[in-house]
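Q: Make a model of this:
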Amino acid sequence: MKKPICCLLVHGFCGTTNEVLPLYHALRAHHMPAFLVHLAGHDGTRQTLRQSDRFAWVASAEEEFLRLRQRYKKIILIGFSMGGLICAQIAAKYGCAGLILISTPVFVVSAKGVLCEFRRSPKGAVTRYWQNAQRCTPKAVRELMALLRATWPKWGLVQAPTLIIQALDDDSAHPVSGVFLHKHISGPSRLCYLAQGGHRLLLSGQFNKIYRCIRQFVKQLLQASSIERTSYAKNIR
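A: Predicted coordinates:
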């Protein structure tokens, strides 16, 4: 007999499961079955990343999704950054109980966000950008942009209730991405903006606020209540 519901968390580009680990632990602490995906090529080395591509990244998550679908009646997909693009591909193809998009890019790189990142933590920003440069490859960037473009027509095929979480000072996913997703996803969606938090929201000081929003969304899904499609954006304060 299948179990009722679980969450599948997908990390971002050139990242690891550490990016979503705080949410994974929080969900499990509240007795929600949660699972992590380690995307192909994302072991922290340039060589391995160079040998993978966008199709392998999507396949990694899709295989885990199909494995979980044999054990659970419903699956909530949670994607951080590029992980949100991958979750959208799966949601459009198979459907899901709910979709949570965190710092998911439609439009990339915000100059304002980069400046905010340096103002908030100059040393931390330099360290992060340097680490990303060490892990990333030109081919991987091209694959990311190809995945982003390939996902554009998929947003209109997403029927699942969707929660979109976006920071206004995001230096990687332009904040206007959240508005685009809210308008173009076919299913009921809710857009939650944060004034601060940067790109890696789940590792920021805003985590508790974000988790409250996610818990509320998941609770509504569990209660099978509809999430109205509205024209407003809720600000998390």
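Q: Phi first, then psi, for R190.
A: phi -130, psi 130 (degrees, to the nearest 10).
Q: Report the beta-bridge partners for it.
A: Assessed by DSSP bridges, R190 has beta-bridge partners L163.
Q: Can you report how many residues neighbour it?
A: 21 (other Cβ atoms under 10 Å). Placement of C-beta: from N, CA and C, glycine included.
Q: And the one 10 residues further on, by the same measure?
A: Other residues within reach of R200, judged by other Cβ under 10 Å, total 21.
Q: How much space separates the closest residue to it other than its chain neighbours from L9?
A: Leaving out its chain neighbours, the residue that sits closest to R200 by Cβ to Cβ, 6 or more residues apart in numbering is E19, at 6.3 Å. Between E19 and L9 the distance is 9 Å, computed by Cβ to Cβ, to the nearest Å.
Q: before we move on, what about M1?
A: For M1, the distance to L9 - Cβ to Cβ - is 25 Å.
Q: Between the two, tell me which one has more neighbours.
A: Neighbour totals were compared for M1 and L9, and L9 leads with 27 against 4 (other Cβ under 10 Å).
Q: Restrict the helix or strand harbouring C213 to CA atoms and write it as CSV.
A: Here C213, judged by DSSP states H and E, is contained in helix 207-222. Below are the C-alpha coordinates for helix 207-222, written out as CSV (Å, rounded to 0.1, in the frame of the first residue of the first chain):
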residue,chain,number,x,y,z
PHE,A,207,15.0,30.6,6.8
ASN,A,208,12.4,30.7,9.7
LYS,A,209,10.2,33.1,7.7
ILE,A,210,10.5,31.0,4.6
TYR,A,211,9.7,27.8,6.5
ARG,A,212,6.6,29.2,8.0
CYS,A,213,5.4,30.1,4.5
ILE,A,214,6.2,26.6,3.2
ARG,A,215,4.5,24.9,6.2
GLN,A,216,1.4,26.9,5.6
PHE,A,217,1.4,25.9,1.9
VAL,A,218,2.0,22.2,2.7
LYS,A,219,-0.7,22.3,5.3
GLN,A,220,-3.2,23.6,2.8
LEU,A,221,-2.2,20.8,0.4
LEU,A,222,-2.7,18.2,3.1
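Q: Can you pull out the residues in contact with that helix?
A: If you take Cβ atoms under 8 Å, 6 or more residues apart in numbering as the criterion, helix 207-222 is touched by 5, 7, 22-23, 26, 30, 32, 74, 76, 78, 97-98, 100, 102, 161, 163, 165, 190, 192, 194, 197, 201-202, 227, 236-237.
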